[in-house]
Structure formats: C-alpha cells, structure tokens
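In: this one's sequence-less:
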C-alpha cells in the first residue's frame with residue numbers, strides 16, 4: 001500500500017465479511033481466536049467464496065504503512081447477524097463461531113496490528129485491532145491505544161453508545177446501547193477512529209525513528225503499574241472514555257514525575273466501567289450517562305462525566321484543560337512560544353476541520369497552576385443553526401505545564417491533531433503550513449518527553 005491508499009481506505013463498513021477477536025492486547029506466544037462470518041452493511045449479495053485473514057503490523061515501512069506477518073488459508077464462512085440484548089442495556093453482539101486461530105510468534109515486532117479479512121479478489125472487507133505488547137519498559141515512551149472509546153462509537157448492529165434505530169427509521173438516542181460489547185466487529189465511527197487517531201500517529205513516530213511501546217487502555221486499567229516504567233505516556237486522538245482506575249493512574253503518574261503528551265482532545269471526559277461477557281472478562285463497557293439510570297451507584301463505578309458533582313474529579317486535574325467544543329473549526333493563533341520549542345512565534349494552526357473536538361483552560365479549583373498557553377482561538381460551530389443563541393463560545397487551546405514533581409504535560413487539545421501527523425490521515429487536512437507546524441511540535445515534544453521529569457528543565 002501507499003500513504004494515498006491508506007487515506008482512501010474505509011474500514012467503517014464491512015462488505016462481505018466481518019470479524020472480531022477474543023483479545024485486545026497480548027504478549028508473544030498468545031493464541032488469538034478470530035470470530036468471523038459473512039456480513040454486509042448493505043444489500044450487496046452474500047456468497048460462499050472462502051475468505052482469508054492476515055495480520056498486519058502498523059508502522060511506516062517507507063510509506064507502505066504496514067507489514068504482513070501472518071496469512072491464513074482460505075476459510076469458508078457462514079452468514080452472521082447481530083443479536084441485541086433483550087434487557088434495557090440494548091447491547092449488540094455477534095455470537096459467531098471461531099473461524100480460525102493464530103499464535104503470536106516470538107518474531108512478531110510489538111505494536112498495533114490490524115487483523116484483516118479479504119475477499120476472494122484480495123479486497124479488504126473488515127479489520128480488528130490488536131496490540132502486541134512490548135516487554136514492559138523496553139522504551140522510554142509508552143503509547144495508550146483507546147479500545148474502550150473505539151467500542152463506544154462502534155455502530156455494529158445499528159447501535160452504539162450514542163444512537164440506536166428509531167421506529168421511523170431515523171436514529172434515536174434513546175435506543176442507544178447502555179452497554180457496548182467487544183464481542184462484535186468494529187464498524188462505523190469506531191473503525192474510523194482507529195484510522196484517524198491511531199494509524200497516522202504510529203506511522204509518524206516510526207517514520208521519525210522514535211522507539212515507543214504500546215499498550216491498550218484495558219492493559220493500563222488492569223495493570224496500572226505499567227506506566228511507572230516509562231519517562232512519558234502518549235495519548236492520541238480521542239481517548240474520551242476512562243475507567244476510574246485509569247484516571248487515577250494518570251493523576252499518580254503526573255504526581256511522581258512521569259511526563260504526559262496528550263495528542264488529542266476530549267480526553268477522559270466520561271467515566272466508564274468494565275464488566276465480563278460470556279467470552280471473557282472486561283468484554284463489556286458500561287455507559288448510562290445518568291446517575292438515575294445506572295444501577296451501580298458506587299462513585300468509582302457510576303457512568304457519568306468525570307466533572308459531574310457526584311464524582312467531582314474534573315478532567316483538568318490531569319492536564320489543565322477541559323472539553324469546550326465539539327464539531328468546531330477555525331484557527332488557533334500563537335500566544336506564548338517558549339524557548340524550548342523551536343518553532344515560529346508567529347505561525348498559526350489554521351484550517352481546523354469541522355470534525356474537531358477541542359479543549360481549553362478552565363479556571364476552577366481543580367486547575368493546576370502555571371499553565372502556559374501555546375496557541376488559542378475562538379472557533380465556530382459546524383452546526384451553527386443547532387447552536388444558535390447559545391452563550392457558550394467554543395475556544396480551542398494548546399497548552400503545556402511543568403509540575404512540582406518534574407512531570408511535563410503537553411495537551412494538544414484537538415481531537416484531530418494526531419491525524420495530521422501523517423499523509424495517510426483519513427480526515428480532512430488542516431492547512432499544509434499547520435500540518436508542518438503540528439509535526440514539528442509533536443516531534444520536539446516526544447523527543448523531550450523521553451527525559452525523566454523533563455519539567456525541571458523546561459523554562
């Protein structure tokens with residue numbers, strides 16, 4: 001493939017076949033099961049022609065974007081459907097048989113993999129993400145992949161954590177899933193998020209020669225001590241959903257001097273919790289959004305905004321910023337460029353796409369002191385009619401701060417930041433000059449953030 005073909009690739013709709021994996025993150029030697037079936041999101045005809053599967057490691061590879069490490073023999077699949085839970089949780093699953101398995105070899109380079117299904121003509125029909133973990137601490141930086149957030153946006157079976165099918169054929173928010181399942185293919189905005197938030201960032205860091213370990217958000221939830229083995233943590237794109245344990249892990253990291261680079265926006269907005277499915281632990285992510293609906297009232301479990309007064313842990317505790325606008329566009333102008341950041345002091349980040357979700361400094365009791373604003377801009381709503389008359393004006397800001405622990409925190413505050421790092425970006429491009437600026441800033445930040453407690457060195 002080329003960077004252009006990655007940009008043109010659309011994994012949001014499964015055409016012909018679809019799959020899901022029984023695991024999200026594994027170590028070398030693990031066996032992974034592929035559950036697969038014939039499946040289509042539209043009326044294209046099904047057929048009994050065998051499908052094949054492959055494992056691609058995402059990287060730069062001189063622009064090819066991935067390397068294939070395993071390929072199956074042709075396999076005949078049966079037709080599969082989505083099943084919807086009868087209770088009020090309304091979650092969709094795909095109770096499909098195991099089509100084949102593969103073992104992660106000791107020669108598989110750790111990183112993010114796509115397990116891809118192909119038609120008989122070699123066309124990509126669907127893909128599922130998998131992280132092959134590095135030995136803990138084998139790099140100075142670790143990147144978190146946001147599997148929970150991807151599932152919240154997954155529209156397989158016509159339901160996500162946001163919408164469901166209405167009686168009149170129009171999507172109905174009341175029919176959304178209160179529980180989302182990992183036991184189903186990844187479609188819609190969930191698959192789009194991988195292409196927008198993860199793939200360009202990984203291709204960028206490998207093109208630049210940066211050595212970065214990767215973990216899933218579920219790994220960090222289950223083994224919080226993982227992050228203590230690194231100088232810095234990288235969060236990309238749109239890590240909107242955190243568990244309480246994940247949130248507390250990031251707070252602990254910044255308090256002991258671990259650097260944090262958030263290359264996205266709308267980070268850690270919702271508190272979710274994980275529950276088991278019949279296929280294993282942590283296969284369901286819960287999201288009621290209202291305390292009156294959620295049967296679990298434990299403050300570390302209830303599914304609300306972190307800033308909700310019941311939980312009272314505003315997201316700016318981590319980075320100093322909170323979400324201030326969704327689906328906005330415009331320009332961010334330079335405010336105060338420090339000496340450690342070698343970029344133009346007059347160049348702006350212009351051409352923000354209408355898909356952007358942004359953050360800004362939010363003064364409250366949770367606000368860390370000494371937040372430095374690099375770029376700031378008053379933005380416009382994409383859906384201007386919908387927001388007409390609203391007093392809230394969306395503001396986007398890029399910030400950094402150094403804490404007494406020595407932790408340095410960079411917050412891009414833009415959900416579309418990571419995507420602009422690669423020419424494979426599936427989203428609309430920012431202005432070319434803005435892309436160049438974003439790539440320079442990111443490389444400098446990630447290079448500096450490899451130094452333990454680099455906040456002590458930044459002025």
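Out: Yep, that arrived. What you see is a predicted model; the values in this text were computed from it and never measured.
In: contacts, neighbours, all on C-alpha from now
Out: Noted.
In: Just give me the neighbour total for residue 248.
Out: 15 (other Cα atoms under 10 Å).
In: Kindly provide the whole-number mean pLDDT of stretch 298-313.
Out: In this model, stretch 298-313 has a mean pLDDT of 96.
In: for it, which positions count as buried?
Out: Within stretch 298-313, the residues that count as buried by 16 or more other Cα atoms under 10 Å are 300-307, 311, 313.
In: Out of the residues you listed, which two sit at the greatest distance?
Out: Pairwise distances across these peak at 14.2 Å for 301 and 307 (criterion: Cα to Cα).
In: Pick the one among the buried residues of stretch 298-313 closest to residue 245.
Out: Nearest to residue 245 out of the buried residues of stretch 298-313 is residue 300 (Cα to Cα; 8.1 Å).
In: check contacts around the nearest residue to residue 399 once chain neighbours are set aside.
Out: The shortest distance from residue 399 to any non-neighbouring residue, by Cα to Cα, 6 or more residues apart in numbering, is to residue 373 (4.5 Å). Counting by Cα atoms under 8 Å, 6 or more residues apart in numbering, residue 373 touches 335-336, 397-400.
In: Now for residue 176, how many residues are close by?
Out: 25.
In: That one and residue 157 touch, don't they?
Out: No: between residue 176 and residue 157 there is no contact under Cα atoms under 8 Å: 11.1 Å.
In: Does residue 4 touch residue 423 like I think?
Out: Yes: the pair residue 4 and residue 423 passes the contact test of Cα under 8 Å, sitting 7.2 Å apart.
In: of those two, who's got more company?
Out: For residue 4 versus residue 423, neighbours defined as other Cα under 10 Å are more numerous around residue 423 (18 against 14).
In: Find the helix or strand that the more buried one is a member of.
Out: If you go by DSSP states H and E, residue 423 is not part of any helix or strand.
In: how about residue 7, secondary structure?
Out: At residue 7 the chain is in helix, as set by DSSP: H, G, I helix; E, B strand; the rest coil.
In: how about it, what does it touch?
Out: Residues near residue 7 by Cα under 8 Å, 6+ apart: 423-426.
In: I'd like the residues you listed as JSON lines, with distance to residue 97 and pLDDT appended.
Out: Listed next are these as JSON lines, based on distance: Cα to Cα, whole Å; pLDDT from 0 to 100:
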{"residue": "423", "distance to residue 97": "37", "pLDDT": "94"}
{"residue": "424", "distance to residue 97": "34", "pLDDT": "92"}
{"residue": "425", "distance to residue 97": "34", "pLDDT": "93"}
{"residue": "426", "distance to residue 97": "32", "pLDDT": "93"}
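In: okay if I get those as TSV plus distance to residue 325?
Out: Formatted as TSV, the contacts of residue 7 follow (distance: Cα to Cα, whole Å):
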residue	distance to residue 325
423	26
424	26
425	22
426	21
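In: Okay, now the unreliable bits of the protein?
Out: Scanning the chain for pLDDT under 70 picks out 41-46, 169, 387-391.
In: Spatially central residue for it, please.
Out: With distances taken as Cα atoms, centre = their mean, the residue of the chain nearest its centroid is residue 146 (3.9 Å).
In: What separation do you get for that residue and residue 257?
Out: From residue 146 across to residue 257, the span is 23 Å (Cα to Cα, to the nearest Å).
In: now do residue 226
Out: Per Cα to Cα, residue 226 is found 15 Å from residue 257.
In: Looking at these two now, which is surrounded by more residues?
Out: Remark: of residue 226 and residue 257, residue 257 carries more neighbours, 24 against 16, as counted by other Cα under 10 Å.
In: Return the backbone torsion pair for the residue nearest to that one when sequence neighbours are not counted.
Out: Using Cα to Cα, 6+ apart and skipping the chain neighbours, the partner closest in space to residue 257 is residue 407 (4.0 Å). Backbone geometry at residue 407, expressed as degrees, to the nearest 10, gives phi -70, psi 130.
In: Is it correct that residue 407 is in contact with residue 251?
Out: No: under the criterion of Cα under 8 Å, residue 407 is not in contact with residue 251, lying 10.8 Å apart.
In: These two - which one has more neighbours?
Out: A count of neighbours by other Cα under 10 Å puts residue 407 above the other of residue 407 and residue 251, at 24 against 15.
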